[in-house]
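Novice: sharing a sequence plus its predicted fold:
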Amino acid sequence: LAKRDHSAYDCCVVIILSHGTEANHNRFPGAVHGVDGPAVPVQLITNYLNGQHCPSLQGKPKLFFIQACGGGEKDTGFEVSPDEMEPSFGGIDDQTDAIPMSSSSDSLSTSDELDAR
């Protein structure tokens, strides 16, 4: 995919439905299991499509939709404080045009169990 010419396209959309696991990476945490079994870090997947490895997608939006659990712990939620700090924006890196999303973060996905509420 990274070696193809994408100059005729306006964006890249990647959809991954798999089992997931925890992986420690600064920008894109988590990993997904491939068909051969081993987990592949999401950071590695996004790196294949950055401007350095895929010049024809540089500067174009890249959307990553990942449906995978992120670990073995149940997600108990969290309380949101209205006094949270404003986000800070630092320098620009090569992946400013990539935004990965995950439906469950660092927790066990139990949607197929009866008591998944």
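Specialist: Alright, I've got the coordinates. Just so we're clear, the structure is a prediction, and the values are computed from it rather than from any experiment.
Novice: what are the boundaries of the helices in this protein?
Specialist: 42-48 (DSSP state H).
Novice: how about the strands in it?
Specialist: With DSSP state E, the ranges of strands along the chain come out as 12-17, 20-21, 31-33, 39-41, 62-67, 98-102.
Novice: ok, how many other residues are close to the closest residue to A23 other than its chain neighbours?
Specialist: Spatial nearest neighbour of A23, excluding adjacent residues (C-beta to C-beta, 6 or more residues apart in numbering): A31 at 3.8 Å. (Glycine included, C-beta is placed from N, CA and C.) With neighbours defined by other C-beta atoms under 10 Å, the count for A31 comes to 24.
Novice: tell me which of the strands of the chain is the most buried.
Specialist: Across the strands of the chain, averaging neighbours per residue (mean count of other C-beta atoms under 10 Å) puts strand 20-21 on top, at a mean of 22.
Novice: walk me through which strands that one pairs with, and which way each runs.
Specialist: strand 31-33 (antiparallel) (DSSP bridges).
Novice: burial of P61, as a residue count?
Specialist: Counted by other C-beta under 10 Å, the residues lying close to P61 total 12.
Novice: state the distance from the closest residue to it other than its chain neighbours to S18.
Specialist: Once its chain neighbours are removed from consideration, P61 has its nearest residue in C11; the separation is 4.3 Å (C-beta to C-beta, 6+ apart). With distances taken as C-beta to C-beta, to the nearest Å, C11 is found 22 Å from S18.
Novice: about what we covered before: and the strands of the chain as JSON lines, adding distance to D5 and mean pLDDT?
Specialist: As requested, these are exported to JSON lines (distance: least, C-beta to C-beta, whole Å; pLDDT from 0 to 100):
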{"stretch": "strand 12-17", "distance to D5": "13", "mean pLDDT": "92"}
{"stretch": "strand 20-21", "distance to D5": "31", "mean pLDDT": "82"}
{"stretch": "strand 31-33", "distance to D5": "26", "mean pLDDT": "88"}
{"stretch": "strand 39-41", "distance to D5": "24", "mean pLDDT": "88"}
{"stretch": "strand 62-67", "distance to D5": "16", "mean pLDDT": "88"}
{"stretch": "strand 98-102", "distance to D5": "19", "mean pLDDT": "67"}
